[in-house]
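J.: Here is my input, please return the structure:
(chains A and B)
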Amino acid sequence: SQKIEQNSEALNIQEGKTATLTCNYTNYSPAYLQWYRQDPGRGPVFLLLIRENEKEKRKERLKVTFDTTLKQSLFHITASQPADSATYLCALSGSARQLTFGSGTQLTVLP
Amino acid sequence: DVKVTQSSRYLVKRTGEKVFLECVQDMDHENMFWYRQDPGLGLRLIYFSYDVKMKEKGDIPEGYSVSREKKERFSLILESASTNQTSMYLCASSSLLMRGAPYEQYFGPGTRLTVT
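T.: Below you'll find the predicted structure:
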């Protein structure tokens, strides 16, 4: 069955460092991958989408890579700030209407 | 800005009760989704709808039904609530495909349902 794994449930880093979150998948050939941010008590908010034929996508301090050979996406936040503390979810889609979500990685940026 | 609203933030119901969760979006989106979110399990798709009166089962439809009579409104129904349906329920909407790429989903704030 399809499986999505996000590295460690929690990740703590020091302010100013680069946070790297991992999303691995098995038994799946997604055409698109999305990343969302979720704050406590709120619904997820879309951050970035990357297609299978794109290696990398950037938006301000965010960078996403998509390696279909390794079946992995990396999500980077450079110059991290305490305000970046949240849970980050990856989501994959093959058929475009539906998304399959990972369980998320809780990031804490320490001042 | 897209706005997705859900009828309640917190809800407490008794086992066996019929429960209605309402979701309304104001951006004329074609697609609407219902998820539940549980610790360690992430977001799991219950049902989705891509048009009025259309519905498709997601990964965990058992014990749930849905209704979409108007484009902006998507209801989730628990016919007979059970304790294992205690969860956070999230509604989302998205537009149609553009050039083959799925649009992002916009989520409501969630309803935390407790069934006792």
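
J.: The nearest residue to residue B:31 once chain neighbours are set aside: neighbour count?
T.: In this structure, residue B:31 finds its nearest non-sequential neighbour in residue B:94, 4.6 Å apart by CB to CB, 6 or more residues apart in numbering or on different chains. From N, CA and C alone the C-beta is placed, and that goes for glycine too. Residue B:94 has 24 neighbours, counted by other CB atoms under 10 Å in any protein chain shown.

J.: hey, what's the residue positioned nearest the centre of chain B bridged with?
T.: Closest to where the C-alpha atoms of chain B average out (CA atoms, centre = their mean) is residue B:34, at 2.3 Å. Assessed by DSSP bridges, residue B:34 has beta-bridge partners residue B:47, residue B:91.

J.: Same check on residue B:73?
T.: Going by DSSP bridges, residue B:73 is paired in beta bridges with residue B:24, residue B:70.

J.: Next, the contact list for the closest residue to chain B within chain A, please.
T.: Ranked by CB to the nearest CB, the top residue of chain A for proximity to chain B is residue A:43, at 2.9 Å. Residue A:43 is in contact with B:4, B:90, B:92, B:107, B:108, B:109, B:110, counting by CB atoms under 8 Å, 6 or more residues apart in numbering or on different chains.

J.: Chain A contacts on chain B?
T.: Listed as neighbours of chain A in chain B under the rule CB under 8 Å from any CB of the partner chain: B:4, B:31, B:35, B:40-45, B:48, B:50, B:58-59, B:90, B:92, B:97, B:100-102, B:104-110.

J.: closest to residue B:25 among the contacts of residue A:43?
T.: Using CB to CB, residue B:4 is the member of those that sits closest to residue B:25, with 4.7 Å.

J.: so how many other residues sit close to the closest residue to that closest one other than its chain neighbours?
T.: Closest residue to residue B:4 apart from its sequence neighbours, by CB to CB, 6+ apart: residue B:108 at 4.0 Å. Neighbours of residue B:108 under the rule other CB under 10 Å: 24.

J.: Can you classify residue B:109 as helix, strand or coil?
T.: Under DSSP: H, G, I helix; E, B strand; the rest coil, residue B:109 falls in the coil class.

J.: wait, it sits on residue B:6?
T.: Yes: Residue B:109 is in contact with residue B:6 according to CB atoms under 8 Å; the separation is 6.1 Å.

J.: Give me the more crowded residue out of these two.
T.: Shown here are residue B:109 and residue B:6; by other CB under 10 Å, residue B:6 has more neighbours (20 against 15).

J.: Bridging across strands, which residues link to that one?
T.: For residue B:6, the beta-bridge partners are residue B:23 (DSSP bridges).
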